[in-house]
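Undergrad: below: sequence and its predicted model.
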Amino acid sequence: MRPEVPTIPVIPYGRQSIDAEDEAAVLAVLRSPLLTQGPATAAFEADLAAHVGARYCVAVANGTAALHICMAGLEMGSGEGITTPNTFVATSNAMAYVGLTPVFADIDPDTLNLSPAETEAALTLQTRLIAPVHFAGLPADMPAFQAMAADRDIRIVEDASHAIGSEYVGGGKVGDCRYSDATIFSFHPVKTITSGEGGAITTNDEGLYQRLLMLRSHGITRDPARLSDNPGPWWYEQQALGFNYRMTEMQAALGASQLRKLDRFMARRQAIVARYHQAFAGLNWLVRPPETPGQSVCQHLFVVQIDFEAIGQTRPEVMTALLDQGVGTQVHYIPVHLQPWYRQTHGTATGQYPAAERYYDRALSLPLFPAMTDADVERVITAVRALV
Ligand SMILES: *Cc1c(COP(=O)(O)O)cnc(C)c1O
C-alpha cells in the first residue's frame, strides 16, 4: 500500500452532470401518483426516438437488459453472434442469454472498432447476428456490416452505449437504425447521459417493437387487439417468457431531463477532445484516438495508447503518477475473450485477437466529462506531458 494519499481532489475518468432541473424532474415524479409504468417513461421514449430519428423506442432498466430483450425479440434461434472483444462483457453475454454462441472478431487497430474484414472472415452458415459496438463514441463501419448481412439471414444490433449524440459518416444520428435492426443505449452514470441505471432500444421494426414491449414486462399483454380472450377488465395474457426490465418513472424523468442537455454536453466534450488532440499532438510515445473531421462525434472516452516500454514505465506506475497529480484513469477494455468465463466455456485464449490485445496492452482512458473545468483539462495535460 502506498503511504501517501493524494491531497488534491482526483478528476475521475468520467462522471455524471446533474443540475437543479434534473433534481426537479425527479422530485415531480416522486410527488405524482405513478412511480412506474406512467407518462414519464412514455415521454422519455418519444423524446429519444425523436432525437435519434427512429420510429420506436422502448426504455428499460439498464443497457444489459436492452441488449437481452433486443436479441430475444429478434427471435434468431440458435447459432452464432459476432462482436468485438473490445467491449464491456454485456455485449457478448447477451448473446449467450438468448442461446447464441458468442464469436469474436478482431478490431481495426486505427478505429478500435469491430473490423469488417475480420467479421467477414468469421462468418459461417450459423451466423445469425452481428453486434458492432461504437467504441468510445466513434460509429463503427455500419454500411460494411449491412452489406454483409444483406444476402444472408443475419440481424444487426448496434451497441451504442458510448455513442448517443454521434453521427454516422455521411449523416444520420446513431440510433436511427438506417443500417441495423435495432440500436441499444445505456444510461449508467459514466455514460454520456444518465438515468441512474437505465437503457433503451430504438428500432424501425414494428413487430420487434411489439415483442420488446411484452418482453420488458413478463411477456404479458393487455392490448385488446392481441388478446385471445377478453372476459373482463382484470384480464391480461402472458404470451411469451418475458422479464421485469421496466424503467421507473424517476429514471425516465431524469433521462428525459438529461437528454435535453445532450447537445450542450456534446459541445463541451468536443471542446475538451479538441484541446487534448492539440496538446498531445507532438508526443511520439502516445497514440491519440482517431480524429473525425467533418463528422459530428460525441466522444464518450478519450483513450490514448501509450508505448510503456519506450517511456520505461509500466501502466500501473503511470496510473499512480497521474493519480498523484489528481488525474484518475481507467482501462477500456480488458478484451472479453480473455475473461475467465469465456476461456472456460468458449475456449478462447491469449493470442486469438492480436489487434485487440495489442491495443489493450497500451490503452489508458483519460478524464473526459462535460463538468471538467478548463483548469481540470490543463491539469490532465500537464500531468500526462510530465510523464516523460
Ligand atoms: C455500459 C455498457 C453496457 C451495459 O450497460 P449497463 O447499462 O451498464 O447495463 C453494454 N455495452 C457497453 C459497450 C457499455 O459500455
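TA: Structure's in. What do you need? On a predicted model such as this, the values are computed, not experimentally measured, just so you know.
Undergrad: got the buried residues for stretch 169-181?
TA: Within stretch 169-181, the residues that count as buried by 16 or more other CB atoms under 10 Å are Gly172, Lys173, Val174, Gly175, Asp176, Cys177, Arg178, Tyr179, Ser180, Asp181. Backbone N, C-alpha and C define where each C-beta goes, glycine included.
Undergrad: just send the residues you listed back as JSON lines, with secondary structure and pLDDT too.
TA: Shown next, in JSON lines, are these (DSSP: H, G, I helix; E, B strand; the rest coil; pLDDT from 0 to 100):
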{"residue": "Gly172", "secondary structure": "coil", "pLDDT": "97"}
{"residue": "Lys173", "secondary structure": "strand", "pLDDT": "98"}
{"residue": "Val174", "secondary structure": "coil", "pLDDT": "98"}
{"residue": "Gly175", "secondary structure": "coil", "pLDDT": "98"}
{"residue": "Asp176", "secondary structure": "coil", "pLDDT": "98"}
{"residue": "Cys177", "secondary structure": "coil", "pLDDT": "98"}
{"residue": "Arg178", "secondary structure": "coil", "pLDDT": "98"}
{"residue": "Tyr179", "secondary structure": "coil", "pLDDT": "98"}
{"residue": "Ser180", "secondary structure": "coil", "pLDDT": "98"}
{"residue": "Asp181", "secondary structure": "coil", "pLDDT": "98"}
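Undergrad: select, from these, the two members most distant in space.
TA: Lys173 and Asp181 (16.7 Å; CB to CB).
Undergrad: pLDDT score assigned to the residue in the chain that the ligand sits nearest to?
TA: Nearest residue of the chain to the ligand: Gly63, at 2.5 Å (CB to the nearest ligand atom). What the model reports for Gly63 is a pLDDT of 98.
Undergrad: measure the closest residue to Glu167 other than its chain neighbours to Ala252 for me?
TA: Nearest non-adjacent residue to Glu167, counting by CB to CB, 6 or more residues apart in numbering: Ser296, 4.5 Å away. To Ala252, Ser296 is 26 Å away according to CB to CB, to the nearest Å.
Undergrad: which of those two has more neighbours?
TA: Ala252 (30 against 13; other CB atoms under 10 Å).
Undergrad: which SS state does that one fall under?
TA: Secondary structure assignment for Ala252 (DSSP: H, G, I helix; E, B strand; the rest coil): helix.
Undergrad: which residues sit in contact with it?
TA: Ala252 sits next to Val29, Ala40, Thr41, Ala43, Phe44, Glu45, Ala59, Ser195, Gly198 when contact means CB atoms under 8 Å, 6 or more residues apart in numbering.
Undergrad: alpha carbons of stretch 104-120, as PDB, please.
TA: C-alpha atoms of stretch 104-120 as PDB (Å, rounded to 0.1, in the frame of the first residue of the first chain):
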ATOM      1  CA  PHE A 104     -15.400 -12.500 -31.500                       C
ATOM      2  CA  ALA A 105     -13.700 -10.800 -34.500                       C
ATOM      3  CA  ASP A 106     -10.700  -8.600 -34.100                       C
ATOM      4  CA  ILE A 107     -10.700  -4.800 -34.100                       C
ATOM      5  CA  ASP A 108      -9.400  -2.400 -36.700                       C
ATOM      6  CA  PRO A 109      -6.300  -1.000 -34.900                       C
ATOM      7  CA  ASP A 110      -7.000   2.500 -36.200                       C
ATOM      8  CA  THR A 111     -10.700   2.900 -35.300                       C
ATOM      9  CA  LEU A 112     -10.600   0.400 -32.400                       C
ATOM     10  CA  ASN A 113     -14.000  -0.800 -33.700                       C
ATOM     11  CA  LEU A 114     -15.000  -4.200 -34.900                       C
ATOM     12  CA  SER A 115     -13.200  -4.800 -38.200                       C
ATOM     13  CA  PRO A 116     -15.400  -5.500 -41.200                       C
ATOM     14  CA  ALA A 117     -12.700  -7.700 -42.800                       C
ATOM     15  CA  GLU A 118     -12.300  -9.800 -39.600                       C
ATOM     16  CA  THR A 119     -16.000 -10.100 -39.300                       C
ATOM     17  CA  GLU A 120     -16.400 -11.300 -42.900                       C
END
